[in-house]
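Q: kindly return the folded structure for what I paste below:
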Amino acid sequence: MVPAEFTGYFTAAAAAAGVLIGLLFVAVSLRSETVFGDGASAAGRAQAGSAFISLSNCFFVSLVALIPKTGLGVVAIAVSIICLLANVRMHGQVARQELQLAMLVLSLVTYLFQLVIGILLVISQADHALVYSLAYLEIALFAVALSRAWALVQGKHLRPSSKPETARPADPVTRATDATACELANAKK
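A: Next comes the predicted model:
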C-alpha cells in the first residue's frame with residue numbers, strides 16, 4: 001500500500017512522464033529519418049527506445065501508485081520485467097561498434113534494482129523505505145531518459161561518416177590564412 005504522503009509525488013511523476021513521452025515523440029519526429037528511416041542506425045533507435053522505456057516505466061508505476069489501496073510491488077515487478085526484456089531485445093539489434101555498453105548496463109542494473117524493490121514490497125507492503133527507494137529510482141530513470149532524449153535531439157546517434165566533410169566550416173585560423181593568401185595573390189597582380 002502506498003502511503004498517502006506520496007500522492008503528490010506520484011501525481012507529479014505521472015504527469016511529468018506523460019508530458020515527456022509526448023516531447024520525446026516530437027524529438028523523434030524532428031529526426032524521424034535518422035531514427036526510424038530506412039538508413040537509420042540501430043543506435044538511434046536504441047536511444048529513442050531506451051528513453052521511451054524509462055519514461056513509460058515511470059508513467060505506469062506512478063499511475064498505478066495513485067490507485068487507492070493498491071499494492072505497488074506487483075506493478076514494480078511486472079514493469080521491471082517488461083523493461084528488462086525490452087532493453088535486452090532492443091540492444092541486441094545494435095551492432096557491436098554502435099553498442100553503448102554503459103547505457104545497456106545502467107538500464108539493466110536499474111530495472112533489476114526495481115525488480116528487487118518490487119519483490120520486497122510484495123513481501124513487506126508496510127515498509128515505507130521501499131516506496132522511497134522506488135520514488136528515487138524513478139528520479140534516476142527520469143534523468144537517464146532526459147539525457148538520452150537530449151542526445152537524440154543533438155544527433156549524437158548519427159555516425160561520423162554520415163556527416164559530409166564539405167559541410168564543416170573551416171576553423172578561424174584556416175579562414176584567416178586563406179584570406180591572407182587571397183589578399184597576397186591579389187596584391188601581386
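Q: quick one: low-confidence parts of the chain?
A: Along the chain, segments meeting pLDDT under 70 span 95-100, 156-189.
Q: quick one, longest helix in it?
A: helix 128-154 (DSSP state H).
Q: pull out the buried positions in it.
A: For helix 128-154, burial by neighbour count (16 or more other CB atoms under 10 Å) applies to 130-131, 133-135, 137-138, 141-142, 144-146, 148-149, 151-152. C-beta here means a position set from N, CA and C on the backbone, and glycine is covered the same way.
Q: could you do stretch 9-26 as well?
A: Of the residues in stretch 9-26, those with enough neighbours to count as buried (16+ other CB under 10 Å) are Tyr9, Phe10, Ala13, Ala14, Ala16, Ala17, Gly18, Leu20, Ile21, Leu24.
Q: equivalent analysis for stretch 120-130, please.
A: Leu120, Leu121, Leu130.
Q: just to revisit the earlier point, closest to Ile67 out of the buried residues of helix 128-154?
A: Each of these was scored against Ile67 by CB to CB, and Val131 proved nearest at 14.2 Å.
Q: show me the contacts for that closest one.
A: If you count contacts by CB atoms under 8 Å, 6 or more residues apart in numbering, Val131 has them with Val2, Pro3, Phe6, Leu72, Leu121.
Q: among those residues, which lie within strands?
A: Counting by DSSP state E, none of the members of the contacts of Val131 fall within strands.
Q: list only buried entries from these.
A: Looking at the contacts of Val131 with 16+ other CB under 10 Å, the buried ones turn out to be Val2, Phe6, Leu72, Leu121.
Q: surely the first one and Gly8 touch.
A: What it means is Val2. No - if you go by CB atoms under 8 Å, Val2 and Gly8 don't touch, sitting 11.6 Å apart.
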